[in-house]
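>>> Model the structure of this input:
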Amino acid sequence: GGEGLGKGGTKHHHKVLHDNIQGITKPATFCPARCGGIKRFSGPIYEEVCSVWKVILQNIIHNAVTHTEHAKRKTVIAMDVAYVLKHQGHTLYSFG
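Numbering: from 1, shown residues only. Next up is the predicted model:
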């Protein structure tokens, strides 16, 4: 038969999922807190703030993807995220 012939077929790339919350820097994490009036943070508070941000962002992304699928699209657009934030009570004024 044809066994053993050819170059072995295609090599598929497997997407490696990393913890993308690490891409959010400390200044970006503390910026909303500074707007809220907090001036200084203790050392271990950074991990706690990151874990809270992760839960909030997961919730927003999950709802935005659900909204996108309901609209029979495969691409999440900015209006999907704006709709989710508005539905959660966080209105963005720059979006319709």
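>>> on contacts alone, who are the packing partners of the lowest-mean-pLDDT helix or strand in the chain?
Every helix and strand of the chain was ranked by mean pLDDT, DSSP states H and E. The lowest is helix 26-35, at a mean of 81. Counting by 3 or more CB pairs under 8 Å, 6 or more residues apart in numbering; DSSP states H and E, the packing neighbours recorded for helix 26-35 are helix 45-70. Just so you know, the C-beta spots here come from the backbone N, C-alpha and C atoms, and that holds for glycine as well.
>>> got the angle for the helix it packs on vs helix 26-35?
Our comparison of helix 45-70 with helix 26-35, counting by axes from the mean of the first three to the mean of the last three CA atoms, to 10 degrees, yields an angle of 90 degrees.
>>> Give me the buried positions along helix 45-70.
Neighbour-count burial for helix 45-70, counted by 16 or more other CB atoms under 10 Å, picks out Val49, Ile60, Asn63, Ala64, His67, Thr68.
>>> Restricting the selection to alpha carbons, write the following helix or strand past it to CSV.
Sequence-wise, the next helix or strand downstream of helix 45-70 (DSSP states H and E) is helix 78-87. In CSV, the C-alpha atoms belonging to helix 78-87 read as follows (Å, rounded to 0.1, in the frame of the first residue of the first chain):
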residue,chain,number,x,y,z
ALA,A,78,-16.8,47.0,20.4
MET,A,79,-20.6,47.5,20.5
ASP,A,80,-20.9,44.0,22.0
VAL,A,81,-18.7,44.9,24.9
ALA,A,82,-20.4,48.3,25.3
TYR,A,83,-23.8,46.5,25.4
VAL,A,84,-22.6,44.2,28.1
LEU,A,85,-21.2,47.1,30.2
LYS,A,86,-24.4,49.0,29.8
HIS,A,87,-26.4,45.9,30.8
